[in-house]
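Student: next one to model:
(2 chains)
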Amino acid sequence: MRRGFVPVYRVRDSPLHTARAGATAALCAALALTCAVHAHPLILLGVVLAVVGAGCAAGVGAEVARAARLSLPLALLVALINPLLYAEGETLLVRGGTFLGRRFDVTLEALAAGGLAGLRVGAFLMVFGLFSACVDPDEMLRVFRRFSYRSALTASLATRLVPVLARDALRMSDAARCRPEPPGRLAVARATLSGALDRAVDVAAALEVRGYSAAGRPRSAHAPWSRHDLSVAASAVLIATVAVAGRVAAVGDVVEYPAFEMALGPAEVALTVVLVLGAALPFAGHAARLGVARA
Amino acid sequence: MPEVLARAQRLSYAYPDRPRPALRDVSFELCPGSFTVLAGISGSGKSTLLRALCGLVPHFHGGEVAGELEVGAMSVRDHGPGELAAVCGTVFQDPETQVVMGGVRAELALALEHRGAGPAAVARAVEEVALSLGVAHLLDRRTDTLSGGELQRVAVAAALVHRPALLLLDEPTSQLDPVAGDELMWLLRRLNEEWGTAVVIADHRLERCLPAADRVLAMEDGAVVCDSDPVSFLEWAQDGPLSTPVARLFSLAGLGPLPTTVKDARERLRGAGLAPPAPDGAGVPAGRRERRGRRSGPPPAAEAHGLWFEIEGGPTALRGLDLRIAPGEKVALMGRNGAGKSTLLRQFKGLAEPTRGRVETDGEVALLLQNPGDYLVHDHACEEAGAGALAAAGLEGRGEANPRDLSGGERQRLALEVVLGAGPCALVCLDEPTRGMDSASTIALVNRIDGLAAEGAAVIVATHDTEFAAAFAGRIVLMGEGVVIADGSPAEVLAGGWHFSTDVARVLGGAAGALTPEAGAAVLTKELVT
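Tutor: You can find the predicted model right below:
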């Protein structure tokens, strides 16, 4: 079976999968928040380590690796474009020419800032990969449906139909190869689009006969919090608190221009360690219990 | 519950911008707990009637309605599909486009959540319907990991989760293999018998539906032309396109009354002193027979030598397969899903490279994949193929028609002419060409295959349809786990089979290798004479 390149959710027996979608989403949001408020490479590497550790412990290491592979070209692009667009910084590495009245110099500071921006993009996408692999989209959409029922259902449909349409396109491309004179790409693309519209009409009909037009706002469920819900939510709160507190306390400050300066002391190391341990928190008891069960 | 679940009175309907009505003066009543089969060739109005019963006609499709249709005491004119959904659940042809959510549990819960049911009620209903329909083991699966049969069962469960009194199904088995199709029919029968759910089903495989039915509505050109019980329907349909193979066997042999099931047929034969041989346990079907004799003949149209195909990160589809096909030979490639049939056809066409081994062909290869609509990419039929090809497809004078507006059979004929192109082909490969086709289109396809073979092309058809295979093939190749497990004439392979067998062969116990109603009738007539 050909695997898609985007990580997808599969039911697994891990704390991140067992916990309510809101809790696991909050953990991912806390890690993303850390990426947003910190530019320090050690802290970003801490986020990456936390994601990889949590992903492996949750059994979605392959999905996280796929997200990392997906993020690599984008991260490299960001890292390479930044030094070409920003000529600020005191340490000139390459003196470029003038083009359209603008100087194109490459500085060490712009290069370092680009590298950090690339690392940040990579970390973000890996967090998103963890989210995609561990959070049940149906449950997540159920959370959002309380606020906007129809929009959430449309999003759900889009999520469901994207792989179906991708398969349709692949089939049509195979069929085009079977014709003695293959039609132009435009004709195939147009037919694929028409097919997608046909599918959309069929799905709309299916929704209609299941009462979509008479649908009201769903009632909220008050499920009790499980230990996994609590541990994952506690981990999310811990990571978000430490990240914000660290930012307020100027831990992990990075000054990129005009000269690159970066704090690197016990506070940065401590923040990174707390991040990694915080992401591992939901698995602490689980690993011990698994060991007991295996024994 | 009202005494009449649905009532149509002189119902007529025309789709927007279509001059011809899709329904004409349709009148009937449906009672609670009934099992009704809608019979008719493609375009006879079955789907439109089902869409009217669930309210999609006219609320979703538009168009003009005359007459009256009430479902659950609600007029379809005044109540849309959302309201009618409280009374009827609907299942369509393609399972892919009626499953909405990513997970099975969420999918089953959707209809109840639409009605504002509380979480506890939703959870209970989901559990109950999942257990009752045998999909409890799928509850935590993602819908994109389900097979077609599993998806269709989930779609039925989703349509029934709110316990509607009426279940409408529009060709639910057309996209499924025979095993999944039979399982679905058993499920519907159980629903009808145990829960009293009224079922209305449109399907081309009448032999599969009639045993469960207590009523048949036959439609022609938008009108109900026969409304009776299954036995009377078979008398009415005698030798026509809606007849079943077993009924045609009896009709041709001059026996009556016409049976609706294989079991009925065997009992009636026994009653008439024409007892078919009972299964004795010794009839293990023949395995592969080496066809060495063919090697000394003319060069083959296509040949596979030690063909392996290992899907990256997936199963091994072909395992050292050897197959030789002579020019003009008509081969039916059979086997369960995943046996490697489609993979082999793709190898012949060169759509995939073998992992090991090689494929040799003696000229051009044409391949028609499962969905003929995929081949039709233009707005007019005349842009897809020349005048000669349109004529061969039986579409003279319809060159300006949009291929999407053609019937399934017409689309398939046009797609076949498209892949055949201008020049002669050494090998023509067809993948599941009879899925969702009515009997008239199937007969037209058999004739076209005969014509291609007469022109010297070898034709190889991957199919689950044993009746179709018996009708066209001169050789049956049965595949299993990526290798050939039986290879012989239709009589050798299908007459002794259990699953891979025709209804006529089942009735006659494989006597004289009779597979088709005509051959079976000849055997019975001979028995009657002696």
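
Student: can you list the domains in chain B?
Tutor: B:6-247, B:292-525 (automatic domain parsing).

Student: is the last one positioned near chain A?
Tutor: Right, the one you point to is domain B:292-525. Yes - judged by CB under 8 Å from any CB of the partner chain, domain B:292-525 and chain A are in contact via B:311-314, B:349, B:351, B:364, B:366-369, B:371, B:373-378, B:404, B:418-419, B:421-423. (C-beta placed from N, C-alpha, C; glycine too.)

Student: could you check the pLDDT of A:Ser220?
Tutor: In this model, A:Ser220 is scored at 68, pLDDT.

Student: show me where chain A has its strands.
Tutor: Along chain A, the stretches classed as strands by DSSP state E are A:92-94, A:98-99, A:102-103, A:106-107, A:254-255, A:261-262.

Student: nearest to B:Glu150, out of these?
Tutor: Of all these, it is strand A:254-255 that lies closest to B:Glu150, at 52.5 Å by CB to CB.

Student: quick one: list the elements packing against that closest one.
Tutor: strand A:261-262 (3 or more CB pairs under 8 Å, 6 or more residues apart in numbering or on different chains; DSSP states H and E).

Student: list the helices and strands the strand it packs on packs on?
Tutor: So strand A:261-262, by 3+ CB pairs under 8 Å, 6+ apart, packs with strand A:254-255.

Student: give me the contacts around the strand it packs on.
Tutor: The contact list for strand A:254-255 (CB atoms under 8 Å, 6 or more residues apart in numbering or on different chains) reads A:39-40, A:116, A:260-263.

Student: coming back round to it: can I get the domains of chain B in a markdown table with mean neighbour count and mean pLDDT?
Tutor: Below are the domains of chain B laid out as a markdown table (neighbours: other CB atoms under 10 Å in any protein chain shown; pLDDT from 0 to 100):
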| stretch | mean neighbour count | mean pLDDT |
| --- | --- | --- |
| domain B:6-247 | 20 | 91 |
| domain B:292-525 | 20 | 90 |
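
Student: residue contacts, the residue nearest to A:His17 when sequence neighbours are not counted?
Tutor: Once flanking residues are discounted, A:His17 sits nearest to A:Cys134: 5.7 Å by CB to CB, 6 or more residues apart in numbering or on different chains. With contacts defined as CB under 8 Å, 6+ apart, A:Cys134 is in contact with A:9, A:14, A:16-17, A:24, A:28, A:55, A:58, A:60.

Student: hmm, 7 Å instead?
Tutor: A:16-17, A:24, A:58, A:60 (CB atoms under 7 Å, 6 or more residues apart in numbering or on different chains).

Student: for the residue in the stretch 1-150 of chain A that chain B sits nearest to, which non-adjacent residue is spatially closest?
Tutor: Here the stretch 1-150 of chain A gets closest to chain B at one residue, A:Asp138, 3.6 Å apart by CB to the nearest CB. In space, and not counting its chain neighbours, A:Asp138 is closest to B:Ala106: 3.6 Å by CB to CB, 6+ apart.

Student: the helix or strand where that neighbour lies packs against which elements?
Tutor: Assigned by DSSP states H and E, B:Ala106 falls within helix B:104-114. With contacts defined as 3 or more CB pairs under 7 Å, 6 or more residues apart in numbering or on different chains; DSSP states H and E, the packing partners of helix B:104-114 are helix B:119-132, helix B:148-160.

Student: after the last one, next one along is what?
Tutor: Sequence order places strand B:166-170 as the next helix or strand after helix B:148-160, per DSSP H and E.

Student: where does the residue nearest to B:Gly409 when sequence neighbours are not counted fall, phi/psi-wise?
Tutor: Spatially, and ignoring its direct neighbours in sequence, B:Gly409 is nearest to B:Ser441 (2.9 Å; CB to CB, 6+ apart). Main-chain torsions, B:Ser441, degrees, to the nearest 10: phi -70, psi -40.

Student: how about B:Val461, secondary structure?
Tutor: At B:Val461 the chain is in strand, as set by DSSP: H, G, I helix; E, B strand; the rest coil.

Student: quick check: closest non-adjacent residue to it.
Tutor: Counting by CB to CB, 6+ apart, B:Val461 lies nearest to B:Leu430, which is 4.4 Å off, once chain neighbours are set aside.

Student: give the pairing partners of the helix or strand that neighbour falls within; include direction for each.
Tutor: Per DSSP H and E: B:Leu430 is located in strand B:427-431. Using DSSP bridges, the strands paired with strand B:427-431 in its sheet are strand B:365-368 (parallel), strand B:458-462 (parallel).

Student: CSV for those strands, including distance to A:Thr34?
Tutor: Supplementary listing: the strands paired with strand B:427-431 in CSV, determined by distance: least, CB to CB, whole Å:
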stretch, distance to A:Thr34
strand B:365-368, 53
strand B:458-462, 54
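
Student: and B:Gly357, how far from B:Val365?
Tutor: According to CB to CB, to the nearest Å, B:Gly357 stands 17 Å off from B:Val365.

Student: need the residues of the stretch 51-200 of chain A near chain B, please.
Tutor: Residues of the stretch 51-200 of chain A lying near chain B by CB under 7 Å from any CB of the partner chain: A:136-138, A:156-157, A:159-160, A:163-164, A:171-172, A:174-175, A:177-180, A:183, A:187-188, A:191, A:199.

Student: out of those residues, which sit inside helices?
Tutor: A:137-138, A:156-157, A:159-160, A:163-164, A:171-172, A:174-175, A:177-178, A:187-188, A:191, A:199 (DSSP state H).

Student: for the stretch 301-450 of chain B, which segments count as strands?
Tutor: Per DSSP state E, counting those that start in this stretch, the stretch 301-450 of chain B carries strands over the ranges B:302-310, B:316-325, B:330-334, B:356-361, B:365-368, B:427-431.

Student: could you provide these in JSON lines, with additional columns for distance to B:Gly33?
Tutor: Formatted as JSON lines, the strands of the stretch 301-450 of chain B follow (distance: least, CB to CB, whole Å):
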{"stretch": "strand B:302-310", "distance to B:Gly33": "50"}
{"stretch": "strand B:316-325", "distance to B:Gly33": "46"}
{"stretch": "strand B:330-334", "distance to B:Gly33": "38"}
{"stretch": "strand B:356-361", "distance to B:Gly33": "55"}
{"stretch": "strand B:365-368", "distance to B:Gly33": "43"}
{"stretch": "strand B:427-431", "distance to B:Gly33": "40"}
